[in-house]
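**Student:** predicted model follows, preceded by the sequence.
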Amino acid sequence: MKTILITGGVRGIGAAIARAFLKKYTREEARVCVSYSKDEESAKELRLLGAETYLSNVASEAQVQALFEKIGGVDILVNNAGVSLIKQLQDTTLDDFKKVFSVNVEGAFLCSREASKSMISKQSGLIVNISSVWGEVGGSCESVYSASKAALIGFTKALAKELGYSGVRVNCISPGVIQTKMNACFSETDLQALKEEIPLGRLGVGEDVAKAVLFLEENDYITGADIPVNGGFCL
């Protein structure tokens, strides 16, 4: 039986990924585990679908270690937990910076470190980091967020080289503008303007990213890749 863990997995992109795995596998074939730091109602909905849910803050080393002690070894880890920050640089505090990096980068590091232990032992496994189009090209007024997501891409490539000889694949997905609560700060006018910049003519949805995760699971000769899921937003 496979064990799959999606961090930040009860809302938005994470929930879409969890639902995709729940649809693909029966309960006898895979355990679909999700971690979350808030939104108990959304966690309850996923539990009804068959997911195992765990309250855990990925920015805490102790909580991440406790999470993996409860779940055990994992075969697939999706580092999806993340926070955004839209601020001009001169208004950004050091605490703002540390909060973004603690979740977006340190969380992925901590979870990957714990997951890799059993993966190396089994000589197989898949880690997927969820970055962002802003990690590829940078976003105005999102310099700290962009830097954290760029760090994830670099982490992915380095870790793919390090773990490849142990049969563990590490890849990254960089979504474009996806319709989630994280983008609720944008007005309809802003979203329409963004849509007009996308060659495919629509905003993305969580299912678009979930399909990319399933693709990376199925193709076992891909590692170190950064897959853009952005409708052609940055070509």
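**Tutor:** Done, it's in.

**Student:** check the secondary structure at the closest residue to V137 other than its chain neighbours for me.
**Tutor:** If the residues on either side of it in the chain are set aside, V137 comes closest to C234, at 5.0 Å by C-beta to C-beta, 6 or more residues apart in numbering. Glycine gets a C-beta too; all of them are placed from N, C-alpha and C. Following DSSP: H, G, I helix; E, B strand; the rest coil, C234 is assigned to coil.

**Student:** so what's C234 up against?
**Tutor:** Residues near C234 by C-beta atoms under 8 Å, 6 or more residues apart in numbering: V133, E136, V137, G176, P228.

**Student:** inside strands: which ones of those residues?
**Tutor:** With DSSP state E as the criterion, strands contain P228 from among these.

**Student:** re the thing from before, for the residue nearest to V137, give its distance to E197.
**Tutor:** 9 Å (C-beta to C-beta, to the nearest Å).

**Student:** packing partners for the longest helix seen in the chain?
**Tutor:** Longest helix in the chain by number of residues (criterion: DSSP state H): helix 143-163. Contact partners of helix 143-163 among helices and strands, from 3 or more C-beta pairs under 8 Å, 6 or more residues apart in numbering; DSSP states H and E: helix 94-101, helix 107-122, strand 125-130, helix 133-137, strand 168-175, strand 226-229.

**Student:** adding distance to A62, mean neighbour count and mean pLDDT, write those out as TSV.
**Tutor:** TSV is the format used below for the helices and strands packed on helix 143-163 (distance: least, C-beta to C-beta, whole Å; neighbours: other C-beta atoms under 10 Å; pLDDT from 0 to 100):
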stretch	distance to A62	mean neighbour count	mean pLDDT
helix 94-101	18	14	98
helix 107-122	10	20	98
strand 125-130	21	25	98
helix 133-137	28	21	96
strand 168-175	24	26	98
strand 226-229	31	19	98
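
**Student:** and the ones you listed: which comes nearest S35?
**Tutor:** helix 107-122 (8.4 Å; C-beta to C-beta).

**Student:** if we can go back for a sec, need the contacts of C234 in a markdown table (columns: distance to T92).
**Tutor:** Shown next, in a markdown table, are those (distance: C-beta to C-beta, whole Å):
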| residue | distance to T92 |
| --- | --- |
| V133 | 20 |
| E136 | 21 |
| V137 | 19 |
| G176 | 23 |
| P228 | 26 |
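
**Student:** closest one of the contacts of C234 to V168?
**Tutor:** When the contacts of C234 are compared for distance to V168 (C-beta to C-beta), P228 wins out at 23.0 Å.

**Student:** hang on, that closest one packs against I198?
**Tutor:** No - at 11.9 Å, P228 does not count as touching I198 under the criterion of C-beta atoms under 8 Å.
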